[in-house]
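Engineer: next comes the sequence, and after it the predicted model I'd like to discuss.
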Amino acid sequence: MLNRLLTAKLLDEVHTGVIGVDSARRIQSANSAACLLLGARQMNLAGRSLVEATLSYELLNLLVEAEQSGKTVERELRRSEATGRTLNARVCYVPKSEDGIEESYLILLDDVTELRYLETVRRDFVANVSHELRSPLASIRAMAETLQDGAVHDHAVSLRFLEIVIGEVERLTRLLEDLLILSRSESQMPERAPFALDGLISEVVERFQARAEKSGVSLVTNIARDLVVSANRDQMEQVVVNLVDNGIKYTPNGGQVKVSTRTTRVGVTVEVEDTGMGILSQDLPRLWERFYRTDRARSRQSGGTGLGLAIVKHIVENHGGSVAVASEYGVGSKFSFFIPY
Ligand code: ADP
């Protein structure tokens with residue numbers, strides 16, 4: 001058994017809120033986690049009535065249930081407006097002892113806010129993926145059925161339909177590739193090795209020159225030399241490709257995309273700035289979420305999967321870096337990422 005000092009230390013250190021309640025439903029003692037989880041203004045809850053201290057009738061009802069059933073009862077409490085937290089409560093009833101110690105209750109509180117949030121994110125993700133897969137599949141099926149119904153005998157129509165089918169298959173392939181990249185960037189710690197980031201940026205920019213020209217966009221650089229970073233080269237290439245690709249995609253004819261670097265003592269910041277359509281300020285905070293697009297139709301039309309920026313963010317953060325965006329609607333955007341040496 002732990003001595004009193006160790007018990008007190010343990011109660012102070014655990015993240016579970018622990019509250020002892022007496023037979024009059026007054027708090028005998030509460031550890032600091034309990035005070036934090038309940039958003040108590042004073043860190044000392046002892047002596048106060050349970051309802052007054054927690055403002056929760058749900059907890060009180062659990063106490064009654066535990067007493068009536070003689071068992072430990074457990075339930076998730078409604079999300080508190082005051083703290084924004086979702087708590088899971090376990091209440092144990094301790095009956096009056098033979099040597100006359102009054103009945104009491106033990107309440108254990110666990111913070112499940114993050115868990116519930118992650119579950120929602122996962123559910124949304126699965127729903128989004130299903131939705132993204134459904135529309136190209138529906139389109140392929142409609143084309144195939146129309147061909148089957150007789151359109152196959154019209155050579156010109158057949159060719160047009162097959163072209164659409166190939167386009168949809170390409171879209172599905174891009175989506176699956178991006179999903180794989182995203183899942184790899186989330187699950188693996190990248191293997192790092194020193195390489196010249198300036199060389200990599202130049203290579204990517206060179207590869208995009210023809211496409212930029214075709215879209216009437218000038219693609220220019222202002223890159224420092226000898227930028228050696230220790231990172232995963234393939235993943236960094238993916239990051240630069242996604243940002244340059246977006247820059248060109250969302251900049252109309254006659255515009256410019258500029259890739260530049262800034263160095264500090266601790267790392268490098270790469271900026272991709274365009275004179276494109278820009279982004280409304282209300283969209284900026286959600287831009288890095290998977291499948292978030294400001295203009296779904298435009299993203300689709302230009303072959304976007306809605307995963308490019310989520311991939312950028314994951315890779316950069318996995319490297320201990322950070323991402324940022326600044327934009328003015330109708331004027332242009334500046335996407336940047338910082339990567340430590
Ligand atoms: P997508 O495949 O749709 O381009 P991304 O994750 O790369 O997906 O980008 C998410 C959304 O952010 C895009 O659909 C677009 O609305 C917006 N966006 C990204 N880059 C730019 C940019 N350079 N200019 C304007 N909007 C952009």
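Structural biologist: Structure received.
Engineer: from now on I want contacts and neighbour counts done on CA atoms only, so please keep to that.
Structural biologist: Fine.
Engineer: strands along the chain, start to end?
Structural biologist: 17-22, 27-30, 73-76, 87-94, 104-111, 193-196, 218-222, 228-231, 256-263, 267-274, 322-328, 332-340 (DSSP state E).
Engineer: low-confidence ranges in the stretch 151-300 of the chain?
Structural biologist: Residues of the stretch 151-300 of the chain meeting the criterion pLDDT under 70: none.
Engineer: what residues does the stretch 201-341 of the chain put near the ligand?
Structural biologist: Within the stretch 201-341 of the chain, the positions near the ligand by Cα under 6 Å from any ligand atom are 246-247, 250, 276-279, 287, 292-295, 299, 304-310, 333.
Engineer: I'd like the strands of the chain as JSON lines, with mean neighbour count appended.
Structural biologist: Below are those laid out as JSON lines (neighbours: other Cα atoms under 10 Å):
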{"stretch": "strand 17-22", "mean neighbour count": "22"}
{"stretch": "strand 27-30", "mean neighbour count": "20"}
{"stretch": "strand 73-76", "mean neighbour count": "16"}
{"stretch": "strand 87-94", "mean neighbour count": "21"}
{"stretch": "strand 104-111", "mean neighbour count": "21"}
{"stretch": "strand 193-196", "mean neighbour count": "14"}
{"stretch": "strand 218-222", "mean neighbour count": "17"}
{"stretch": "strand 228-231", "mean neighbour count": "18"}
{"stretch": "strand 256-263", "mean neighbour count": "20"}
{"stretch": "strand 267-274", "mean neighbour count": "22"}
{"stretch": "strand 322-328", "mean neighbour count": "17"}
{"stretch": "strand 332-340", "mean neighbour count": "21"}
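Engineer: please name whichever of these is nearest to Arg4.
Structural biologist: strand 27-30 (14.0 Å; Cα to Cα).
Engineer: any idea of the mean pLDDT in the closest one?
Structural biologist: Here strand 27-30 scores 92 as its mean pLDDT.
Engineer: stretch 61-77 now?
Structural biologist: Rounded mean pLDDT across stretch 61-77 is 93.
Engineer: start to end distance for that stretch?
Structural biologist: 11 Å (Cα to Cα, to the nearest Å).
Engineer: excluding chain neighbours, give the residue nearest to the most centrally placed residue in the chain in space.
Structural biologist: The residue lying closest to the centre of the chain (Cα atoms, centre = their mean) is Glu289, at 5.9 Å. Leaving aside its chain neighbours, Glu289 sits nearest to Ala310 (5.6 Å; criterion: Cα to Cα, 6 or more residues apart in numbering).
Engineer: now do Pro190
Structural biologist: Asn232 (5.9 Å).
Engineer: that neighbour and Asp178, how far apart?
Structural biologist: Taking Cα to Cα, one finds Asn232 at 17 Å from Asp178.
Engineer: do the same with Lys9
Structural biologist: Taken as Cα to Cα, the span from Lys9 to Asp178 is 48 Å.
Engineer: looking at those two, which one has more neighbours?
Structural biologist: Using other Cα atoms under 10 Å, the more surrounded residue of Lys9 and Asp178 is Asp178, with 18 against 12.
Engineer: and that one, what does it touch?
Structural biologist: 305, 307-308, 311 (Cα atoms under 8 Å, 6 or more residues apart in numbering).
Engineer: distance of Arg48 relative to Ile27?
Structural biologist: To Ile27, Arg48 is 6 Å away according to Cα to Cα.
Engineer: please apply the same query to Arg300.
Structural biologist: 58 Å.
Engineer: quick one on the thing from earlier: write the PyMOL selection for whichever of the residues of the stretch 201-341 of the chain next to the ligand are buried.
Structural biologist: Those of these that count as buried under 16 or more other Cα atoms under 10 Å are selected in PyMOL with:
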select buried, resi 246+247+250+276+277+278+279+287+292+293+294+299+304+305+306+307+308+309+310+333
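Engineer: okay, and which of the residues of the stretch 201-341 of the chain next to the ligand map to helices?
Structural biologist: 246-247, 299, 308-310 (DSSP state H).
Engineer: let me have these in CSV, extended by distance to Arg262.
Structural biologist: As requested, these are arranged in CSV below (distance: Cα to Cα, whole Å):
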residue, distance to Arg262
Asn246, 21
Gly247, 19
Ser299, 30
Gly308, 23
Leu309, 21
Ala310, 23
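Engineer: out of those, what pair is the most spread apart?
Structural biologist: Gly247 and Ala310 (15.6 Å).
Engineer: the stretch 51-200 of the chain: helices as residue ranges?
Structural biologist: Secondary structure of the stretch 51-200 of the chain (DSSP state H, counting those that start in this stretch): helices at 57-69, 113-148, 155-187, 197-214.
Engineer: burial measure for the closest residue to the ligand within the stretch 1-150 of the chain, as a count.
Structural biologist: The nearest approach of the stretch 1-150 of the chain to the ligand comes at Glu132, 11.9 Å away (Cα to the nearest ligand atom). By other Cα under 10 Å, 17 other residues sit near Glu132.
Engineer: stretch 115-126 close to the ligand?
Structural biologist: No. Using Cα under 6 Å from any ligand atom, stretch 115-126 stays clear of the ligand, coming no nearer than 14.0 Å.
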